[in-house]
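A.B. asks: One predicted model, sequence on top.
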Amino acid sequence: MKGTIAGVSSVEKRILDTARSLSVGTTALLLHVIIPSALPNIFAGAAQGLGVSFLMLTSAEMIGGQSGIGYYVQYYAKFGDYPRVILGIIILGVIICLISVISTALQKYFLRWNN
């Protein structure tokens, strides 16, 4: 949310004034000026939120879940089966890396004009 607010508030006033002086309507101003200007911050905030939410989900699975990778790690940690615990942690790391790679690829695709 903060990334979106920061992105929208960082649109330069002169760009908005220029668009208004060219009689750009409110909808066009939003779709063609404000959102494209805010997209880098929106994507950064979304990627950060996605990573944190996945870690929170895994933590919740460890505490009270009956399935999931967090439950898997916690279940085998109780029995001291450390090879399976390490495997679960590695799988968790791979999933987080894949999410990061996919997020970066989407950001590069949608913001190819910004590079």
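C.D. replies: Sure thing, it's come through.

A.B. asks: pLDDT weak spots in the chain?
C.D. replies: Within the chain, the ranges that satisfy pLDDT under 70 run 1, 115.

A.B. asks: Quick one: neighbours of D17, just the number.
C.D. replies: When counting by other Cβ atoms under 10 Å, one arrives at 10 neighbours for D17. Where C-beta positions appear, they are placed from N, C-alpha and C, glycine not excepted.

A.B. asks: That one: which element?
C.D. replies: Assigned by DSSP states H and E, D17 belongs to helix 13-21.

A.B. asks: which outside residues touch that helix?
C.D. replies: Applying Cβ atoms under 8 Å, 6 or more residues apart in numbering, the contact partners of helix 13-21 are 29, 32-34, 37.

A.B. asks: Turn the residues you listed into CSV, columns for distance to Y76 and neighbour count.
C.D. replies: Compiled in CSV, those are given as follows (distance: Cβ to Cβ, whole Å; neighbours: other Cβ atoms under 10 Å):
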residue, distance to Y76, neighbour count
L29, 55, 17
H32, 53, 13
V33, 53, 18
I34, 49, 17
S37, 48, 17
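
A.B. asks: before we move on, back to that, centre of the chain versus the helix holding D17, how much separation?
C.D. replies: 30 Å (Cα atoms, centre = their mean, to the nearest Å).

A.B. asks: in it, what's buried?
C.D. replies: When burial is assessed from 16 or more other Cβ atoms under 10 Å, helix 13-21 yields the following buried residues: A19.

A.B. asks: How about the residue most central in space within the chain: what's its closest non-neighbour residue?
C.D. replies: Among the residues of the chain, the one closest to the centroid is A47, at 1.9 Å (Cα atoms, centre = their mean). Distance criterion Cβ to Cβ, 6 or more residues apart in numbering; nearest residue to A47, sequence neighbours excluded, is S103 at 4.5 Å.
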